[in-house]
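Sequence plus the predicted model coming up.
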Amino acid sequence: GSRLVTGSEDHTLRLHNSADGTTLHTVRLPNDINRVAVCEALRLVAAACDNFSVYLVSLDTLAVVGRLQGGHTAPVWSVGFDRAGQWLVSGDDDGDIAVWDVARRTLLRRLTGHTDAVLDIAVSGDGRRAVSASRDFNLLVWRLASSGGDDDDDND
């Protein structure tokens, strides 16, 4: 059946039956969970947490399989995968965005442009761009995939 994943300030990631809402499994993380994103291609859940980290949890084993850290200096409020699972993009309370290589679990780069918390982030279907929404009342579009030029301006 269909499943739903939720995260909570009580440090729990829950897998629910979407038909009736019953909790199927609970995974406890070490910090408040502000947002979750699911990558079906990789069978992973990303949990944006208050401890400046993003945790990766396997949908198959429900085990923590990675922790992305070093990309944020404030609580992480938003997280999103590209459809293929190549990149994960996360936004924090200071307005900074981190772009991660999911397979290597490494930070690729940091993007700046917001002046307040990044509350939501989404990656385009083709994985080439991300859109961030901030408490600063701005939506910004970011180039994730290079078009082959030497343009260093990541913000469109």
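Great, that's in hand. Residues are numbered from 1 along each chain as shown.

What separation do you get for the residue nearest the centre of the chain and residue 99?
Nearest to the geometric centre of the chain sits residue 79, at 2.0 Å (Cα atoms, centre = their mean). Computed with Cβ to Cβ, to the nearest Å, the distance linking residue 79 and residue 99 is 12 Å. Quick note: C-beta positions are derived from backbone N, CA and C, even for glycine.

between those two, what contacts are shared?
The contact sets of residue 79 and residue 99 overlap at 88-89 (Cβ atoms under 8 Å, 6 or more residues apart in numbering).

which stretches of this protein form strands?
Assigned by DSSP state E, the chain shows strands spanning 3-7, 12-17, 23-28, 33-39, 44-49, 54-58, 64-68, 76-81, 87-92, 97-101, 106-111, 118-123, 129-134, 139-143.

Give the pairing partners of the second one; include direction for each.
In its sheet, strand 12-17 lies beside strand 3-7 (antiparallel), strand 23-28 (antiparallel), with partners assigned from DSSP bridges.

can you give me the mean pLDDT across the longest one?
Think strand 23-28. Strand 23-28 shows a mean pLDDT of 95.

Same question for stretch 36-47.
In the prediction, stretch 36-47 has an average pLDDT of 96.

Name the residues of that stretch that come out as buried.
The neighbour-count check on stretch 36-47 (16 or more other Cβ atoms under 10 Å) flags 36-39, 42, 44-47 as buried.

Sounds good, over and out.
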